[in-house]
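Q: structure, please.
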Amino acid sequence: MNTENSPVADSHHLLADNSDDAIDVEDTLVTTEEPHKEVPETFADFNVRPDIVESLADAGILHPFPIQAMTLSIALGGHDIIGQAKTGTGKTLGFGIPALQRVVGPDDAGYDKLPVPGAPQALVVVPTRELAVQVAGDLTTAAKKRNARIVTIYGGRAYEPQIEALQRGVEIVVGTPGRLIDLHRQKLLVLKNVKIVVLDEADEMLDLGFLPDVETLIAATPPVRQTLLFSATMPGPVVAMARRYMTQPTHIRAADPEDEGITKKDIRQVIYRAHNLDKAEVVARILQARGRGRTIIFTKTKRTAAKLSEELIDRGFAAGAIHGDLGQGAREQALRAFRGDKIDVLVATEVAARGIDVEDITHVINYQCPEDEKAYLHRVGRTGRAGKKGTAVTFVDWDDVPRWGLINKALGLDSPEPIETYSSSPHLFTDLDIPEGTKGRLPRGARKLAGIDAEVLEDLGETGKKGRTGGAPTGRGDGQRRDGARGDGQRSEGGRSRSRSRSGGRGSGSADEGSEAQGTRRRRSPAAGEGTADAAAPSAAAPERPRRTRTRRRNGEVVAQPTRGSEE
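A: The predicted model follows:
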């Protein structure tokens, strides 16, 4: 399809399914409704470069999803886009292919005429590390036969490899705001060449407080550029940013074709009122349901995620955790193990799980009641994709019943009063197809997966440590976390390292020499035969300062005189 001949590209119309979540951006957008069009057979129908088409075909990607077809027809024409689409709808290639098509590689004509040859020409900003890895992976797949270098920039990894990659030259940078800002302020990330900026999951960046950093990055790019903004919802600050930095953007609102109403038709939703002390036992039984495959369990807090994952491992399940207290190496280890079928249960906090797109999720368990209906839909939408069936189980504590009432009313779930449920409740077994007599531990004969320890824990380097080459940018939160072993991380702040331990940690991260020495001084007690007398005596090189007391008087009479330390 030639976008120049497309009425959509000319008039900036809206290609969308009907939705109640409309936004008003005054004259910034011109939006109308248009009937759904048939998806062309191949990406070549959009005049995509043959090498990109071949790369996608080699990966088995032949037919674009609706959101990709809707986006490509406009983005390849150079227009700005505001896209409303949920995670998992396939929008990555919708903005990735235009980015790959616009950049100029070292072997392409005009490379030497760039303002700064080797500096990035496309910038993709995402809210989380996991999403950065996923997006970069999809772009790398599409660029297999295209001479375009892609670099992922995010916190939790050492700075040096990322700096060296930028210095070698790169066409596309995918990263999180914190580390991108760090490198830009250190003049290590040059944005003078940028032709296209992509903001993915803009509403999540707003929720995480990244929007000011995003605006700083956009302001550092050339004023003449293409900007693509994607967001599941359109809160006011995101719309305001679109007005400031976009030129006549086309608004695309894409509903998942699998959706029926607000929640997906292929997801069975079960709501239980469960007691906190019995939840782990209930979960252990649910995980033994017939047909249960990959499962994500959402928790509210990092501590709960760590504790629950360790308890499930102790009960014989192949489980892992992803939460903010884990080092980046441990987080990526758990995600690789989950995708690689070494574990089939992933316990995650909602923030850490944002952007994780894993196929074939059969069950989602909300270990605690979500905060609102949007959080509920985000969690539940991880299952029941691509026409497959899914099951979502939500636990509601007694204190959360009023909150659940609001969620139920907003989504029309027809479950205002969750049924009181315990691990021994008969309806638990019948509702979720759990074999009768199932206990809270996985039988040894059913333990077939290798477990998270079978996945390699990468050494990603230590951020924030003294003595780095190339200089360490000043501390930003997402770039200063150090890796630990299986649930133990360290944070380095201003040259001081302090070991951090969490409940549920299976291993201990190695502290640096300073922390280890300090811990030894605190905890060590002299053993028999080690010279306890010498240990108790003050050192001759550093004599103990004498303790002094003040003169105490009562009714004008002296009752206590100052004493010297040697006399005490």
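
Q: residues in contact with residue 455?
A: 333, 334, 336, 337, 340, 342, 343 (C-beta atoms under 8 Å, 6 or more residues apart in numbering). To be clear about C-beta, it is placed using only N, CA and C from the backbone, and glycine gets the same treatment.

Q: surely the second one and residue 342 touch.
A: If I follow you right, that is residue 334. No. Between residue 334 and residue 342 there is no contact under C-beta atoms under 8 Å: 9.7 Å.

Q: and the contacts of residue 455, which of them are in helices?
A: 333, 334, 336, 337 (DSSP state H).

Q: can you give me the strands in the stretch 151-300 of the chain?
A: 172-175, 196-199, 226-231, 250-253, 267-274, 294-299 (DSSP state E, counting those that start in this stretch).

Q: now the last one: average pLDDT?
A: Across strand 294-299, the average pLDDT comes to 95.

Q: what's it packed up against?
A: helix 302-314, strand 345-349, helix 350-353, strand 361-366 (3 or more C-beta pairs under 8 Å, 6 or more residues apart in numbering; DSSP states H and E).

Q: and what of the fourth one?
A: The elements that strand 250-253 packs onto, with contact taken as 3+ C-beta pairs under 8 Å, 6+ apart, are helix 66-75, strand 81-84.

Q: which element follows the shortest one toward the C-terminus?
A: Read that as strand 81-84. Heading C-terminal from strand 81-84, the first helix or strand you meet, by DSSP states H and E, is helix 91-102.

Q: quick check: mean pLDDT of whichever helix or strand comes after that following helix?
A: On the C-terminal side of helix 91-102, the nearest following helix or strand under DSSP H and E is strand 122-125. Across strand 122-125, pLDDT averages out at 97.

Q: CA atoms only for the helix or strand that contains residue 429, dumped as PDB, please.
A: Residue 429 is located in helix 426-431, with elements delineated by DSSP H and E. The C-alpha trace of helix 426-431 is given here as PDB (Å, rounded to 0.1, in the frame of the first residue of the first chain):
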ATOM      1  CA  PRO A 426     -14.900 -28.100  48.000                       C
ATOM      2  CA  HIS A 427     -15.800 -25.400  45.500                       C
ATOM      3  CA  LEU A 428     -12.100 -24.500  45.100                       C
ATOM      4  CA  PHE A 429     -11.400 -27.900  43.600                       C
ATOM      5  CA  THR A 430     -14.500 -27.900  41.300                       C
ATOM      6  CA  ASP A 431     -14.200 -24.300  40.100                       C
END
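
Q: same question for that helix: list its buried residues.
A: 428, 429, 431 (16 or more other C-beta atoms under 10 Å).

Q: from the residues you listed, which single one is nearest residue 360?
A: residue 431 (21.9 Å; C-beta to C-beta).

Q: and the closest one, how far from residue 289?
A: Residue 431 sits 9 Å away from residue 289 when distances are taken as C-beta to C-beta, to the nearest Å.

Q: re earlier: out of residue 334 and residue 342, which sits in the more crowded spot?
A: Neighbour totals were compared for residue 334 and residue 342, and residue 334 leads with 28 against 19 (other C-beta atoms under 10 Å).

Q: for the more buried one, give me its contacts.
A: 320, 321, 322, 326, 343, 346, 452, 455.

Q: give me the pLDDT for the last one.
A: Read that as residue 455. Residue 455 carries a pLDDT score of 92 in this model.

Q: can you check the one 5 residues further on too?
A: Taken from the predicted model, the pLDDT recorded for residue 460 is 74.

Q: if we can go back for a sec, worst average pLDDT in the strands of the stretch 151-300 of the chain?
A: Across the strands of the stretch 151-300 of the chain, strand 250-253 gives the lowest mean pLDDT, at a mean of 89.

Q: pull that strand out as PDB, backbone CA atoms only.
A: In PDB, the C-alpha atoms belonging to strand 250-253 read as follows (Å, rounded to 0.1, in the frame of the first residue of the first chain):
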ATOM      1  CA  THR A 250      -2.800  11.100  13.900                       C
ATOM      2  CA  HIS A 251      -4.700   9.400  16.700                       C
ATOM      3  CA  ILE A 252      -5.000   5.700  16.400                       C
ATOM      4  CA  ARG A 253      -7.100   3.800  18.900                       C
END
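
Q: just say which of the strands of the stretch 151-300 of the chain is most tucked in.
A: strand 172-175 (a mean of 28; mean count of other C-beta atoms under 10 Å).

Q: strands paired with that one, and their directions?
A: If you go by DSSP bridges, strand 172-175 pairs up with strand 122-125 (parallel), strand 150-153 (parallel).

Q: adding distance to residue 281, write the helices and strands packed on strand 250-253 out as JSON lines.
A: Formatted as JSON lines, the helices and strands packed on strand 250-253 follow (distance: least, C-beta to C-beta, whole Å):
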{"stretch": "helix 66-75", "distance to residue 281": "41"}
{"stretch": "strand 81-84", "distance to residue 281": "41"}
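
Q: could you dump those into TSV and include mean pLDDT?
A: Below are the helices and strands packed on strand 250-253 laid out as TSV (pLDDT from 0 to 100):
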stretch	mean pLDDT
helix 66-75	89
strand 81-84	90
